[in-house]
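Student: The following comprises the amino acid sequence and a computationally predicted model.
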Amino acid sequence: MADTVFLNGQVVTVDADNRIMEAVAVKGNQILAVGTTEEIKRHIQTGTKVIDLQGKSLLPGFIDAHLHITIYGTNKLGVDCKARGIQSVSELLDALKEQASKTPPGEWVRACGFDENLMMEKRYPTLAELDDISTDHPIFVMRTCSHHSVVNSRAMEIAQYDRDTPDPQGGRIDRDESGALTGFLVETAHMKMFELAAFTEAEYKKGLCMASEDFVAAGITSVHDAGGYGPENYRAMQKVVQEGGVKVRIYAMICALNQSEDFVRKMIDAGLVTGTGDNRFRIGPAKVFTDGASIAPTMAMREPFTSKPDDYGILYYEQDELNTILGDAHAKGFQITAHAQGDRAIEMLLNCFEAALEAHPRENHRHRIEHAGVSAPDLLGRMARLGVVPIPNPAFIYDHGDSYVKNIGERVGHMFPARDQFDHHIISAGASDSPVTDFNPLIGIHAAVNRRSKSGKAVGDNQRVSVMEAVRMFTWNGAYASFEEGIKGSIEPGKLADLVVLDGNILDTPIEQIKERKVEMTMIDGELVYQIQDEEVLQV
């Protein structure tokens, strides 16, 4: 007998045959049965919760295969430019001044989600403007891409950056014509500052709980966390999951920032490996950064940017350095991955995978490429041969598509190439990279299907996929990317009861309106953790 049944719906199973059913029965934390409404009614007993879907879609819980749960959550503790709708540098400075007035001297004042392109002044705040707010507080303003920042003099002192400090490999400490620091930091120079502007354990835990609430309201039941603030962040994450404050399941990458691979090496030496944990919190791949951002842009390209004919982007590592750190992790049994956006960085990472697999052959390794932005046909062929799992971000097409057309021209036809990936039988898992873009999976699905920017511009529409294929990217494929397709990612008997109910029928929704669909209910482990009733949000 069932604890909960869903009847009279469009059950998008995402099983091997993409069957569409009518009803589902749940017992405990597992799916008991899938079938017609009449078949599932047989599992109803006294006390069974009966949910009439009235033709609405029931889907597997969404899996976001690359986001930053801690960063998203802790961003809410500072000045969140996106959430506040800040549209000018003067507004930002006012918000930072208010934040500084509430912050004890010596503690960090932070802002996130800043995009100079959306500001009235079309520029960053200056070091002098930030110093005018406070020199008692270190002030850190992070760009929306999370690869650049601007800071005040106090933050520069903490990082030990001065006018004589050389640029780190893979980064830049910006200076004006006279050689004076501007406060603007790029890539690895920014990553060091990002690590210094860390939070307390209590702040991490608070941010994680707030992030979890937002994610489950969007139907997200599992996330692959792509890294945050280092060991302290991971300890807080494990604790808050154990305490029940976080509902979403977490597959946590062991991430090295700023070429600080010590964290990865310590995890390897401790004997931890991909898969350690349980179905609530599990260790994921070892991860490093290979290049910059796609939207600034600073990603490493084989040919220069269309908008900057002399600029090929930024690489963090030389080939032998990358081969050593990820090769060691592979040899110890880790799934390995790296942030790689540009085609030059992707090629370098594939070289690394080939070297690691030649030295230590392994079947079913499922090594990943985070983002895998500009994936030309020759690179896709290598991914297919190697069994690599790329993690594209379709929502970037919607949010940043116009900049892609400007910066890489015709190469947008190979940007997050979902159609080609399906045609090459490459299993790619959809992700938002939140807080860089909106975490709402329906926006990602919409973007993968339509390939249109917010302005309506076509952005590589040769890479459009079907609604069913896009749903698979954010469900079963995400489970595959974490070796968990046997327990989640589709609606089949015996799998975990992670389910999401939409406010309508997604397969019959006009594709231009997919992003308008809403989540009405989210179930994790057989428990209703989110529900909308009478237009009011109820946390159950």
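Tutor: That came through fine. Just so you know, these numbers come straight off a predicted model, no measurement behind them.

Student: show me where the stretch 301-450 of the chain has helices.
Tutor: Using DSSP state H, counting those that start in this stretch, the helices assigned to the stretch 301-450 of the chain run over residues 319-331, 343-359, 377-386, 394-408, 418-423, 441-450.

Student: first to last residue in stretch 217-230, what's the distance?
Tutor: Distance between the two ends of stretch 217-230: 27 Å, counting by C-alpha to C-alpha, to the nearest Å.

Student: Quick one: closest of the helices of the stretch 301-450 of the chain to Gly85.
Tutor: Gly85 lies closest, by C-beta to C-beta, to one member of these: helix 394-408, at 15.4 Å. In this view, the C-beta of every residue, glycine as well, is placed from N, C-alpha and C.

Student: contacts for the closest one?
Tutor: Contacting residues not belonging to helix 394-408 are listed as 117, 294-295, 297, 301, 305-308, 374, 412, 415-416, 418, 430, 432-433, 436-438, 440, 443-448, 451-455, 457, 459-460, 470, 473, 515 [C-beta atoms under 8 Å, 6 or more residues apart in numbering].

Student: switch to 7 Å and redo it
Tutor: If you take C-beta atoms under 7 Å, 6 or more residues apart in numbering as the criterion, helix 394-408 is touched by 294-295, 297, 305-307, 374, 412, 415-416, 418, 430, 432, 437-438, 443-444, 446-448, 451, 453-455, 457, 459.

Student: Can you select the buried ones from those in ChimeraX?
Tutor: Command for ChimeraX that selects the buried part of those, burial taken from 16 or more other C-beta atoms under 10 Å:
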select :294,295,297,305,306,374,412,415,416,418,430,432,437,438,443,444,446,447,448,451,453,459
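
Student: Dump the helices of the stretch 301-450 of the chain to a markdown table, plus distance to Arg172 and mean pLDDT.
Tutor: Formatted as a markdown table, these follow (distance: least, C-beta to C-beta, whole Å; pLDDT from 0 to 100):
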| stretch | distance to Arg172 | mean pLDDT |
| --- | --- | --- |
| helix 319-331 | 19 | 94 |
| helix 343-359 | 17 | 98 |
| helix 377-386 | 27 | 98 |
| helix 394-408 | 18 | 96 |
| helix 418-423 | 33 | 98 |
| helix 441-450 | 31 | 98 |
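
Student: just these: most buried one?
Tutor: Mean neighbour count, computed with mean count of other C-beta atoms under 10 Å, is highest for helix 441-450 among these, reaching a mean of 26.

Student: What's the first helix or strand after that one?
Tutor: helix 467-473 (DSSP states H and E).

Student: returning to what we had before: need the helices of the stretch 301-450 of the chain in JSON lines (columns: distance to Leu59).
Tutor: Formatted as JSON lines, the helices of the stretch 301-450 of the chain follow (distance: least, C-beta to C-beta, whole Å):
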{"stretch": "helix 319-331", "distance to Leu59": "34"}
{"stretch": "helix 343-359", "distance to Leu59": "31"}
{"stretch": "helix 377-386", "distance to Leu59": "27"}
{"stretch": "helix 394-408", "distance to Leu59": "17"}
{"stretch": "helix 418-423", "distance to Leu59": "18"}
{"stretch": "helix 441-450", "distance to Leu59": "9"}
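
Student: Sketch out the low-pLDDT regions of the stretch 201-350 of the chain for me.
Tutor: 256-264, 268 (pLDDT under 70).

Student: What's opposite Phe6 in the beta bridge?
Tutor: With DSSP bridges as the criterion, Phe6 is bridged to Val24, Ile51.

Student: residue contacts, it?
Tutor: Residues in contact with Phe6, defined by C-beta under 7 Å, 6+ apart, are 23-24, 51, 53, 58.

Student: Neighbour-wise, which one of the residues you listed leads?
Tutor: Greatest neighbour count in the contacts of Phe6, by other C-beta atoms under 10 Å, goes to Val24: 29 neighbours.

Student: Correct me if wrong: that one contacts Val11.
Tutor: Yes - counting by C-beta atoms under 7 Å, Val24 does reach Val11; the two are 5.8 Å apart.

Student: overlap in contacts of those two?
Tutor: Listed as contacting both Val24 and Val11 by C-beta under 7 Å, 6+ apart are 34, 58, 491.

Student: List the contacts of stretch 301-313.
Tutor: Contacts for stretch 301-313 (C-beta under 7 Å, 6+ apart): 291-292, 297-300, 342-344, 406-409.

Student: Please apply the same query to stretch 354-369.
Tutor: Contact with stretch 354-369 is made by 285, 323, 326-327, 330-331, 335-338, 340, 346, 349, 353, 386-391, 481, 483, as judged by C-beta under 7 Å, 6+ apart.

Student: where do the strands sit along the stretch 151-300 of the chain?
Tutor: 171-175, 181-187, 220-225, 249-255, 281-289 (DSSP state E, counting those that start in this stretch).

Student: could you check the angle strand 281-289 makes with the third one?
Tutor: Here strand 220-225 runs at an angle of 40 degrees relative to strand 281-289 (axes from the mean of the first three to the mean of the last three C-alpha atoms, to 10 degrees).

Student: follow-up on the earlier one: in CSV: the contacts of Phe6, plus distance to Asn75.
Tutor: Shown next, in CSV, are the contacts of Phe6 (distance: C-beta to C-beta, whole Å):
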residue, distance to Asn75
Ala23, 40
Val24, 36
Ile51, 34
Leu53, 35
Leu58, 32
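
Student: Now tabulate these in TSV and tack on distance to Glu203 and pLDDT.
Tutor: Shown next, in TSV, are the contacts of Phe6 (distance: C-beta to C-beta, whole Å; pLDDT from 0 to 100):
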residue	distance to Glu203	pLDDT
Ala23	44	98
Val24	39	98
Ile51	37	97
Leu53	40	97
Leu58	37	98
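
Student: quick check, nearest of those to Gln99?
Tutor: Closest to Gln99, out of all of the contacts of Phe6 and judged by C-beta to C-beta, is Leu58, at 42.6 Å.

Student: Just confirm that closest one contacts Leu499, I think it does.
Tutor: Yes - look at Leu58 against Leu499 with C-beta under 7 Å: they come within range, at 6.1 Å.

Student: one step back: what's the closest of the helices of the stretch 301-450 of the chain to Ala218?
Tutor: Comparing those against Ala218 with C-beta to C-beta, the closest turns out to be helix 441-450 (6.4 Å).

Student: next one: that closest one to chain centre, how far?
Tutor: Here helix 441-450 shows a centroid-to-chain-centroid distance of 15 Å under the convention C-alpha atoms, centre = their mean, to the nearest Å.
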